[in-house]
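Any chance you can model this:
(chains A and B)
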Amino acid sequence: KQWYQRRVRGFATQKLLEMNPEFYSLWNLRRVILEHFSNVKDGKAMQDMYSTEMKFLEAAIKLNTKCYWIWHHRRWITERLENVDWKRELGLCAKLLDLDLRNFHCWSYLRFVYSRSGETLANQFKYTTVKIEQNFSNYSAWHQRSSLLTKMYETGELLETLKTEFEIVRQAVYTEPNDSSPWTYHRWLIGQSKEVLTSLGRDPLEFVREELTHVNELLSIEPEAKWPLLTSCTLMMDCGGFDEKVLETLDHLKKIDSLRKNYYEFLTSKTVKK
Amino acid sequence: MSSSSSKSNEGSIPPLLIEKHVSFIQALASKKDTFEYWATEHLRMSGIYWGMGALYILSSIDKLDKKEIIPWILKCEHSEGGFGGNIGHDPHLLYTLSALQILAEFDSLDLMQHKEATIKFLSSLQQPDGSFVGDKWKEVDTRFSYCAIYSLRLLNALHTIDSDKAVEHIQKCRNFDGAFGTIPGAESHAGMTFCCVAALAILGRLYPTIDPDLLGWWLAERQKPHGGLCGRPEKSADVCYSWWVLSSLSIINRLHWIDNDKLKDWILQCQDTETGGIADKPGDLPDVFHTFFGVAGLSLMGYFSLPLIDPTYALPVNTLKRLGYELPWHKDS
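Numbering: from 1, shown residues only, chains lettered A, B, ... in the order given. Got it, this is the predicted structure:
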């Protein structure tokens, strides 16, 4: 009788969750029912139940792409499903990220799939290249790229890769100088380059100086663009010896990016104090 | 400007519609036959907290019937510890925090029937790696680090968790841009950043985990040209970020790194001048969540002589002082 009641409750929860997936206690109930079944059913029957649940979840995710409870429940099921079709999971993520390239639930789930499926770092990296080439404004992809690079390379080997990364960023910022995504990634690359060069016993400011040249070139075409201006400023501050130019640039930034004028004032007093 | 501002005149900024917002919030309790009321049943506990917070800032907390709310909250308390989002709902960290916040505000924490069980529930949520899960189903998220640490603070039971490990996990969630994500490896997000910064503040471990200049810069970059704040690079503004971003800036004493006047004007434009209440963006439908965070943002920035709300605890400063809390991030005026 209890078994029958649980079956009926299970069906009812599905209907309710289709209407309101935020009703978290129902997802809990569903898991309680599945746990009960896993104690009484045989292995194959249970795996079939998990597979059916995955289909239900796929439909639910497509309608509610940002519901924490749904994504968590999918993870919970994959932890119990023996033969997860990881290719399908990757495909699901790719589809959702095509529709909404910034869905952080999906990016987290994608990283989870990568860790369980044994997808190579090289392939993971390739995917970020695809996303960035689709849209340079994809901060989520640049972020993913940054965490992969540190996993893929030992500090010393990173040097050649950084050079390539700087070139890719250059393409992006020449196409769209006002998008913050590649510029923020650039800031990270600069930090990395200083670390790598220091560990190799080389001049840590080598890339900083080179990038300053490139940013100044861009500035000659786009003299009023905030991001090249800000980047040239931070690069000059890194190099040292450019105080007058730094103060000039900060004054310029205070005018064209007046929302953040107090931040630029902070940088000004830092420079003046030196 | 976005096309959704076609309803309001560009440049015409309404005043803060205090009375309309109070009526809007009061009316929510009576609309028990709407779809929205039932669709949000599972988070009623948080809904009441947001309403309470907003009413306090609008100097109308007396409009809440403490005699009705407290017994209802206690009905959501579970004997095995924790509170659900509504009567009959499973215990969860999110709603446990909201319940404790409301009880603290009404000086009623001692009315809890299962305080020890709740303390056990809360401390059991910490994982070996220092992270926190939301309930026994084990979803990990830095939101839960904040909720657990804050809840235990309210119950004077912070000693039941490993603070060092908690800080260690938060550090793993910090990204190259100085801000924080949901779990290690996740992209920086203003909501999680607030949770991490505030959790560290409660534990007295803000520095050196936080680089205030780098984090302050990332937060300041959330301000869009029209003055509103967004949650991540290249996303659109939403009034709730007037809290997540602003409170983080306030905790690290860099509120002035964004244009406060412009943000204030943008929040005012998100008001619904007909029904009262504040929406996520100008022209959208208002709700209690955005109403609270909108007025809380205005209070943090010091506009309209609104009663002060604390950026770490999101509760009235007076309440926290009454509870004997030290608020070291509070700027001396």
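
Just say helix, strand or coil for the spatially closest residue to residue B:177 that is not a sequence neighbour.
Excluding the flanking residues, the one nearest residue B:177 by C-beta to C-beta, 6 or more residues apart in numbering or on different chains is residue B:218, at 4.9 Å. C-beta here means a position set from N, CA and C on the backbone, and glycine is covered the same way. What DSSP: H, G, I helix; E, B strand; the rest coil gives for residue B:218 is helix.

Quick one: residues contacting residue B:218.
Each residue near residue B:218 by C-beta atoms under 8 Å, 6 or more residues apart in numbering or on different chains is listed here: B:177-179, B:188, B:193.

Local confidence estimate at it?
On pLDDT, residue B:218 comes in at 97.

How about the residues of the stretch 1-150 of chain B by chain A?
Proximity of the stretch 1-150 of chain B to chain A, by C-beta under 8 Å from any C-beta of the partner chain, involves residues B:39-43, B:84-85, B:88-90, B:92, B:135, B:137, B:139, B:141.

Which members of those residues are the farthest-apart pair?
Farthest pair in the residues of the stretch 1-150 of chain B next to chain A (C-beta to C-beta) is B:88 and B:141. Separation: 24.2 Å.

and those two? which has more neighbours close in?
Legend: neighbour count by other C-beta atoms under 10 Å in any protein chain shown for residue B:88 and residue B:141, higher for residue B:141 (24 against 11).

If you drop the residues flanking it in sequence, what lies closest to that one?
Distance criterion C-beta to C-beta, 6+ apart; nearest residue to residue B:141, sequence neighbours excluded, is residue B:182 at 4.9 Å.

And for the one you found, the neighbour number?
By other C-beta under 10 Å, 25 other residues sit near residue B:182.

what's the answer for residue A:190, then?
Residue neighbour count, defined by other C-beta under 10 Å, stands at 21 for residue A:190.

Would you agree it is in contact with residue A:235?
Yes - counting by C-beta atoms under 8 Å, residue A:235 is a contact partner of residue A:190 at 7.1 Å.

residue contacts, the residue nearest to residue B:141?
Contacts of residue B:182 (C-beta under 8 Å, 6+ apart): A:104, A:108, B:141-143, B:173, B:189, B:192.

and with 10 Å instead?
Counting by C-beta atoms under 10 Å, 6 or more residues apart in numbering or on different chains, residue B:182 touches A:68, A:104-105, A:107-108, B:139-144, B:173, B:188-189, B:191-192, B:195-196.

Of those, which belong to helices?
A:68, A:104-105, A:107-108, B:142-144, B:191-192, B:195-196 (DSSP state H).

what's the overlap in contacts for residue A:190 and residue A:235?
Contact with both residue A:190 and residue A:235 is made by residues A:205, A:207-208, A:211-212, according to C-beta under 10 Å, 6+ apart.

okay but residue A:224 is in contact with residue A:252, surely?
Yes - using C-beta atoms under 10 Å, residue A:224 is in contact with residue A:252, at 8.4 Å.

more neighbours, these two?
Comparing residue A:224 with residue A:252 by neighbour count (other C-beta under 10 Å), the higher total belongs to residue A:252, at 16 against 12.

what about the nearest residue to residue B:188 once chain neighbours are set aside, neighbour count?
Of all residues not flanking residue B:188 in the chain, residue B:179 sits nearest, at 3.5 Å (C-beta to C-beta, 6+ apart). A count of nearby residues for residue B:179, using other C-beta under 10 Å, gives 28.

quick revisit: specify which member of the residues of the stretch 1-150 of chain B next to chain A is nearest to residue B:213.
Closest approach to residue B:213 among the residues of the stretch 1-150 of chain B next to chain A (C-beta to C-beta): residue B:141, at 27.0 Å.

The closest one contacts residue B:127, correct?
No - with contacts counted by C-beta under 10 Å, residue B:141 stays clear of residue B:127, the gap being 11.5 Å.

Return the residues in contact with residue B:91.
Contacts for residue B:91 (C-beta under 10 Å, 6+ apart) come out as A:25, A:28, B:76-85, B:99, B:117-118, B:121, B:134-136.

buried subset of the residues you listed?
Buried members of the contacts of residue B:91, counted by 16 or more other C-beta atoms under 10 Å in any protein chain shown: A:25, A:28, B:76-78, B:81-85, B:99, B:117-118, B:121, B:134-135.

out of these, who's nearest residue B:296?
Distances from residue B:296 to those, taken by C-beta to C-beta, are shortest for residue B:99, at 19.2 Å.

Check which helix or strand that closest one maps to.
helix B:93-105 (DSSP states H and E).

ok now that helix, how far from the chain's centre?
With C-alpha atoms, centre = their mean, to the nearest Å as the basis, helix B:93-105 stands 11 Å off its chain's centre.

Please name every helix or strand in contact with it.
When contacts are defined as 3 or more C-beta pairs under 10 Å, 6 or more residues apart in numbering or on different chains; DSSP states H and E, helix B:93-105 sits against helix B:44-57, helix B:66-75, helix B:115-124, helix B:142-154, helix B:317-322.

Could you dump those helices into TSV and include mean pLDDT?
Below are the helices and strands packed on helix B:93-105 laid out as TSV (pLDDT from 0 to 100):
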stretch	mean pLDDT
helix B:44-57	95
helix B:66-75	95
helix B:115-124	98
helix B:142-154	98
helix B:317-322	96
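
Select, out of those helices, the one closest to residue A:123.
Residue A:123 lies closest to helix B:142-154 among the helices and strands packed on helix B:93-105, at 28.2 Å (C-beta to C-beta).

name the helices or strands packed onto the helix or strand of chain B with the lowest mean pLDDT?
Using mean pLDDT, DSSP states H and E, helix B:35-39 stands out as the lowest-scoring helix or strand of chain B, at a mean of 74. Other helices and strands packing on helix B:35-39, by 3+ C-beta pairs under 10 Å, 6+ apart, are helix B:18-30.

In the helix it packs on, which residues are buried?
For helix B:18-30, by 16+ other C-beta under 10 Å, it's B:18, B:20-25, B:28-29.

Keeping just the C-alphas, turn stretch A:258-274 into PDB.
Taking Å, rounded to 0.1, in the frame of the first residue of the first chain, the C-alpha atoms of stretch A:258-274 are listed here in PDB:
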ATOM      1  CA  SER A 258      32.500  60.000 -14.600                       C
ATOM      2  CA  LEU A 259      30.500  57.400 -12.900                       C
ATOM      3  CA  ARG A 260      33.700  56.000 -11.500                       C
ATOM      4  CA  LYS A 261      35.500  59.300 -11.000                       C
ATOM      5  CA  ASN A 262      36.200  58.600  -7.300                       C
ATOM      6  CA  TYR A 263      37.900  55.400  -8.200                       C
ATOM      7  CA  TYR A 264      40.200  57.300 -10.600                       C
ATOM      8  CA  GLU A 265      40.700  59.900  -7.900                       C
ATOM      9  CA  PHE A 266      41.900  57.000  -5.700                       C
ATOM     10  CA  LEU A 267      44.400  56.000  -8.400                       C
ATOM     11  CA  THR A 268      45.500  59.600  -8.700                       C
ATOM     12  CA  SER A 269      46.300  60.000  -5.100                       C
ATOM     13  CA  LYS A 270      48.100  56.700  -5.100                       C
ATOM     14  CA  THR A 271      50.300  58.000  -8.000                       C
ATOM     15  CA  VAL A 272      50.800  61.400  -6.400                       C
ATOM     16  CA  LYS A 273      51.900  59.800  -3.100                       C
ATOM     17  CA  LYS A 274      54.700  58.100  -4.900                       C
END
